[in-house]
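Undergrad: Need a 3D model of the following:
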Amino acid sequence: MEQQTFRAAYDVLQKHAETLREQKEPNIDDLLKIVTESVAAYKVCTKRIDAVEEALKAALEGAGVDGTGPAV
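TA: Here you go, the predicted model:
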């Protein structure tokens, strides 16, 4: 999978989830492609989320905030 943005990867996940929800009968021929693309998109999303969490943590530490307050 080529380099993707979070939004593009998230859109892939949403599209595949909708496809699977709307199927009356499972289309086993498309399942491998759906799973493969979904796993790759999930990895992109989690990588981006982890990067944002690290950046926020660094920014808060740099501002003298410990970041252990309640989640918003």
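Undergrad: Quick one: residues contacting residue 20.
TA: Listed by Cβ atoms under 8 Å, 6 or more residues apart in numbering, the contact set of residue 20 reads residue 34. C-beta: built from backbone N, CA, C; applies to glycine.
Undergrad: where does it land on pLDDT?
TA: Per-residue confidence at residue 20 stands at 93 (pLDDT).
Undergrad: in the host helix or strand of it, what counts as buried?
TA: Element membership for residue 20 (DSSP states H and E) is helix 6-22. Buried residues in helix 6-22, counted by 16 or more other Cβ atoms under 10 Å: 6, 9-10, 12-13, 16.
Undergrad: And the next helix or strand past it?
TA: Per DSSP H and E, the first helix or strand lying C-terminal to helix 6-22 is helix 28-62.
Undergrad: Which strands and helices lie in contact with that next one?
TA: helix 6-22 (3 or more Cβ pairs under 8 Å, 6 or more residues apart in numbering; DSSP states H and E).
Undergrad: How far does the helix it packs on sit from its chain's centre?
TA: 10 Å (Cα atoms, centre = their mean, to the nearest Å).
Undergrad: Check stretch 51-58 too.
TA: A distance of 16 Å separates the centroid of the chain from that of stretch 51-58, by Cα atoms, centre = their mean.
Undergrad: Let me see the contact set for the residue nearest the centre of the chain.
TA: The centroid of the chain falls nearest to residue 45 when counting by Cα atoms, centre = their mean (2.6 Å). The contact partners of residue 45, by Cβ under 8 Å, 6+ apart, come to 6, 9-10, 13.
Undergrad: of all the residues you listed, which comes closest to residue 40?
TA: Set against residue 40, the nearest of the contacts of residue 45 by Cβ to Cβ is residue 9 (7.8 Å).
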